[in-house]
Every structure is written in structure tokens, then in C-alpha cells.
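Engineer: sharing a model that was predicted from the sequence below.
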Amino acid sequence: MTALADQGIGGTAATGDLADFAEFVGTAMPGLLRYGYALTGNPHDAADLVQGVLEKVGARWASVLRKDGDPMAYARRAMANAHVSRWRRTRRENLVSEVPDTVAAGARDAFENEPLWQALRTLPPRQRAVIVLRYYDGLSEVEIARALKVTAGTVKSQTSKAMATLRGVLATTWEGEGTA
Amino acid sequence: MNSEDFDKVDARLRRLFADDRLDVPVRPGATEAVVLGARRTRKRRMTVAASGGATVVALLVVGGVLLNGIGAATPVTPADGGSPPLVTTTELTTPGPQPTVTEPPGPETSPRTTVTEPPTTVTGPRATVTEPPTTVTGPRATVTEPPTTVTGPRATVTEPPTTVTGPRATVTEPPTTVTGPRATVTEPPVTATRP
């Protein structure tokens, strides 16, 4: 907080509520990064997602506190929605003039040998978000529907499709383990 | 796939999301970067809101001025900026008893703008009638005034000249042109047959 005050972030009355926000960010950042990793399947995408959502939350911090009351739950819902929206925007093929940077060979996925994690990464973002909200957050179908702003029927169908995919992948793995 | 497999997937998902390997270390300075970004976003949002509000106010002002201009252009304005048209003020100055002014109804004489004043009869001792100049603005107005009869001891009526200004109405009829095949009248030859 001292560093923030030195930069004039929490020093003026106009940005007084940003001092509270900075405290919230310091406390909630580790949990949100973990949640973002579960949502995106990638720690780098998780960091980008958390930063973008927290900047938006901070821009309307007073309103979030007044209307929602639970900024952590609000930030998680916002992250799930932002992840789905970003996938919608970027799923089309983008032509670029230069070849993008590739992941360094040394950076290995922590869940490289986890078949369930690999199966989760193949799911479309909305199905993955439904699974994460259900099994990471422990939300009910109605709560998931409210968080993602979809109907409960959509949540049910998305969960069913995701579980069918995961079961199929795991069944193949288990059959391979059984024959091996 | 049976319910046992379903429970297995369920349990493995819960175990996976509880794994410590999901922890992502927080980069140093990440909190400051987020707060600065939030401040920047807030400033941008306020700027957009302020400019949007200013635009709305400007549009309202312009709209109001335009509407006022349209409303003000409807009534007829005086031609010379003097007295308003077709308004006559009559003042009677009577040293004695009040004179009697009788104005019987008169017929309209023209379908155009016609002002017909019936004959005025002033009865009483020495009445003075003063009328300000009348200005009629508009296309070709015709003013017909009947003779004024004053009965009684010495009444004086002073009327200022009436000025009619405005463009004269001009009626132009285009020449009549008949197009089409020319009509041919053929008369049969007259044949006289004697019985």
C-alpha cells in the first residue's frame, strides 16, 4: 500500500476507494489466478484474464461494492463471462504478417500427464466454464445460469455434453491402462 | 458408461481442481499494475461519459433553437417594423355627452382579402375620432370604406391614409395548346332526288 500511495494511487480523495481496491487485489489475486488457470487451462492466459477483469472491476469498484456486496464472487463471474466472450472474439482465424512467438521448450505444462486435464482443455470455453463453476466453485445449475447469464436448460445441456466428452476420453484412457 | 464411471469422473474432477499444481505465483508488481490499469479505465470511462453528456446537451440546445426559429417564423411580421398590421385603435375624445357609434354589418364584396367597413354614424355633440395609420401586408388587399355620416353638432373625423404594401398578385395563364390528331369533318355530298 505504501508503494501505491507513493504513486498517488490512494493519496487523493477521488481515488480513495482505489486504496480499498488495491487491498482487495492483493488478497484475491492468488485465488483468482488459480481460478483463471482452471478456466483457461494456461497460466499465462489466466494472468491476462485476471488483470483485464480486475481492471474493469476496479474502474467501477464503488458500484460493485454497493450492488453486489461480494467482489470476489463478482470477479469470478466476470472472469467466466470474459473467458467465453474472448473465445467468441478470437475463435476466427486471424491472418498475421509475422509468425507469433511460440512457447519455450522448457515451459512444460504442470498437468501434462493428466488425461482429465488434457480432456478439459479440448472442451469449448462455455462447457469448460460450466464444469469449473460446478466442480471448482461448487455452484448449482441455477447459480451457474445466473452467473453466465444463460438459461438453466443451457447449463444442463452444456454440462451433459462436457461430461460425455470427459467420460469418453477417460474411458479410452482406462481401457488403455487395463490392456497395458 | 454407468453411474460408477460417472461418479469416478465427478470425483476426479473435484480432485483435479483441488490440486496444488493449479497455484499460479503472483508476479511482483502485479497488484500495482492492476490498480493503475483500473485508474486508467475509470478515467477513460469518465471522459467518454462527459463527452457523451456534452454532446447530448449541445444537441438539445441546437434542437431547441431550431424549434424556436420555426415557431417564430409562422406569424406575419410587420413590413416596416412599425405598428402591427390590421390593428385599428380608435380613440374618442368627447367634451360633452358620449357619442353613439353604430356599425351595421356589411356584405363581403370579394373572395380575396377584403376589408369592408360599414358606414359609421356618430351622434352627439362634437366628437373627435382619431385613427392611427392602417398597414395591410399581404397579397393584394382591397379596402372598401363606406361613407361616414355624422349627425349632430359638428363632429370631426380624421382618418389617416391607408397604405397597402406587399407584392401584387399576378395571374399568368399559359397558352392553351391542343395536341392530338387533327379532327377531320367530312360532310357527305348533298344529293337531291326528285320524286
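Structural biologist: Everything's here; your move. Keep in mind it's a predicted model, so treat the numbers as computed, not measured.
Engineer: look up which helix or strand the residue in chain B positioned nearest to chain A falls in, please.
Structural biologist: Scanning chain B for the residue nearest chain A gives residue B:38, at 2.5 Å (criterion: CB to the nearest CB). C-beta coordinates here come from the backbone N, C-alpha and C atoms, glycine included. For residue B:38, the enclosing helix or strand under DSSP states H and E is helix B:30-73.
Engineer: list the contacts of the residue of chain A found nearest chain B.
Structural biologist: Relative to chain B, the nearest point of chain A is residue A:58 (2.5 Å; CB to the nearest CB). Contact analysis of residue A:58 by CB atoms under 8 Å, 6 or more residues apart in numbering or on different chains lists A:18, A:21, A:25, B:34, B:35, B:37, B:38, B:39, B:41, B:42.
Engineer: can you check residue A:132 too?
Structural biologist: Counted by CB under 8 Å, 6+ apart, residue A:132 has contacts A:35, A:38, A:39, A:80, B:17.
Engineer: can you redo those as TSV with pLDDT?
Structural biologist: Conversion of those to TSV gives the following (pLDDT from 0 to 100):
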residue	pLDDT
A:35	94
A:38	93
A:39	92
A:80	92
B:17	92
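Engineer: tell me which other helices or strands the top helix by length along chain A touches.
Structural biologist: With secondary structure taken from DSSP state H, chain A has its longest helix at helix A:152-179. Judged by 3 or more CB pairs under 8 Å, 6 or more residues apart in numbering or on different chains; DSSP states H and E, the packing partners of helix A:152-179 are helix A:115-121, helix A:125-135, helix A:141-148, helix B:3-17.
Engineer: in chain B, where is pLDDT below threshold?
Structural biologist: Applying pLDDT under 70 to chain B flags the ranges B:1-6, B:73-195.
Engineer: go again using 80 as the cut-off
Structural biologist: Within chain B, the set of residues satisfying pLDDT under 80 comprises B:1-7, B:70-195.
Engineer: enumerate the residues of it near chain A.
Structural biologist: B:1, B:5-6, B:8-10, B:12-14, B:16-17, B:19, B:21-24, B:26-27, B:30-42, B:45 (CB under 8 Å from any CB of the partner chain).
Engineer: span of stretch B:16-29 from start to end?
Structural biologist: 29 Å (CA to CA, to the nearest Å).
Engineer: list the contacts of that stretch.
Structural biologist: A:29-30, A:33-34, A:36-38, A:43, A:46-47, A:110-111, A:114, A:116-117, A:120, A:132, A:135-136.
Engineer: hmm, 10 Å instead?
Structural biologist: A:3, A:25-26, A:29-38, A:42-44, A:46-47, A:50-51, A:109-111, A:114, A:116-117, A:120, A:131-132, A:134-138, B:33, B:36 (CB atoms under 10 Å, 6 or more residues apart in numbering or on different chains).
Engineer: buried stuff in that stretch?
Structural biologist: B:16, B:17, B:22, B:24, B:26 (16 or more other CB atoms under 10 Å in any protein chain shown).
Engineer: tell me the domain ranges of chain B?
Structural biologist: Domains of chain B are assigned by automatic domain parsing as B:1-75, B:91-161.
Engineer: whoops, I mixed them up, chain A
Structural biologist: If you go by automatic domain parsing, chain A breaks into A:16-90, A:113-180.
Engineer: low-confidence stretches in chain A?
Structural biologist: For chain A (pLDDT under 80), the answer is A:1-18, A:68, A:86-110, A:112, A:173-180.
Engineer: contacts only, for residue A:123.
Structural biologist: Counted by CB under 10 Å, 6+ apart, residue A:123 has contacts A:41, A:129, A:130, A:131, A:132, A:158, A:161, A:162, A:165, A:166, A:169.
Engineer: can you tell me the SS state at residue A:99?
Structural biologist: Secondary structure, DSSP: H, G, I helix; E, B strand; the rest coil: residue A:99 is coil.
Engineer: can I assume residue A:119 is in contact with residue A:164?
Structural biologist: No - the pair residue A:119 and residue A:164 does not pass the contact test of CB atoms under 10 Å, sitting 11.1 Å apart.
Engineer: neighbour count for the two, which is higher?
Structural biologist: residue A:119 (19 against 11; other CB atoms under 10 Å in any protein chain shown).
Engineer: in the host helix or strand of residue A:48, which residues are buried?
Structural biologist: Per DSSP H and E, residue A:48 falls inside helix A:43-59. By neighbour count with 16+ other CB under 10 Å, helix A:43-59 contains the buried residues A:43, A:46-47, A:49-59.
Engineer: of the residues you listed, closest to residue B:51?
Structural biologist: Residue B:51 has its nearest neighbour among the buried residues of helix A:43-59 in residue A:59, at 16.8 Å by CB to CB.
Engineer: grab the nearest non-local neighbour of residue A:141.
Structural biologist: residue A:155 (4.9 Å; CB to CB, 6 or more residues apart in numbering or on different chains).
Engineer: which residues touch that neighbour?
Structural biologist: Per CB under 10 Å, 6+ apart, neighbours of residue A:155: A:126, A:129-130, A:133-134, A:139-148.
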